[in-house]
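Chemist: No sequence on hand, only this structure:
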């Protein structure tokens with residue numbers, strides 16, 4: 001087993017939920033980059049987007065990846081963290097990258113009524129589809145890809161546990 005895992009995927013893929021459940025199951029600690037950023041900035045992600053912009057937020061993600069390190073750690077990330085080549089480099093050099101895959105229809109179904117997603121609030125569904133498609137190849141560069149459609153949190157965690165032990 002690697003000492004550090006990064007969980008990536010589009011918004012609604014279950015990164016935070018799966019990360020917490022997996023960490024508990026395998027005895028790792030979990031750190032969420034969005035929570036880390038909110039703590040450092042004393043603002044919600046939505047407020048950071050609104051007041052300082054997406055580019056500023058993306059720089060904070062890079063800073064988080066550089067600073068969050070540790071043995072037996074699962075790092076859950078924001079959906080756009082893969083956009084920057086530097087972020088992908090940091091994640092692959094410091095651990096294994098896990099991509100929680102789901103098709104866009106499934107993700108949109110999971111996100112219905114969620115008002116905490118800044119990019120979902122700013123854009124109509126067709127723009128979200130373009131965003132999803134623009135990131136797909138980047139997500140698929142992960143070391144481990146797990147299809148989450150139709151699976152419970154427990155099923156996904158069990159699948160990941162088997163993969164990580166092999």
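Modeler: Here it is on my side, so go on. Remember, predicted model here, so these are calculated numbers, not experimental data. Numbers count the residues shown, from 1 in each chain.
Chemist: Excluding chain neighbours, what is closest to residue 38?
Modeler: The spatially closest residue to residue 38, leaving aside those adjacent along the chain, is residue 44, at 5.9 Å (CB to CB, 6 or more residues apart in numbering). Placement of C-beta: from N, CA and C, glycine included.
Chemist: Is it correct that that neighbour is in contact with residue 35?
Modeler: No - in this structure, residue 44 is not within contact of residue 35 by CB atoms under 8 Å, at 10.3 Å.
Chemist: all strands in this structure, in order from the N-terminus.
Modeler: Listed in chain order, the strands of the chain (DSSP state E) span 4-8, 29-32, 73-76, 96-101, 144-147.
Chemist: Buried residues in the last one, which are they?
Modeler: By neighbour count, and taking 16 or more other CB atoms under 10 Å as the criterion, the buried residues in strand 144-147 are 144-146.
Chemist: Distance to residue 156 for the strands of the chain - can I get that in TSV?
Modeler: Formatted as TSV, those follow (distance: least, CB to CB, whole Å):
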stretch	distance to residue 156
strand 4-8	11
strand 29-32	15
strand 73-76	13
strand 96-101	7
strand 144-147	6
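Chemist: so which of the ones you listed is the most packed in?
Modeler: Of all the strands of the chain, strand 4-8 carries the top mean neighbour count, a mean of 27, counting by mean count of other CB atoms under 10 Å.
Chemist: Not counting that one itself, show me its contacts.
Modeler: 15, 18-19, 22, 28, 69-71, 73-77, 79, 81-82, 91, 94-100, 139, 142, 164 (CB atoms under 8 Å, 6 or more residues apart in numbering).
Chemist: show me where pLDDT drops low in the chain?
Modeler: 1-2, 113-124 (pLDDT under 70).
Chemist: residue boundaries of the helices in it?
Modeler: 15-26, 33-41, 45-52, 54-67, 85-94, 104-111, 118-122, 125-139, 153-165 (DSSP state H).
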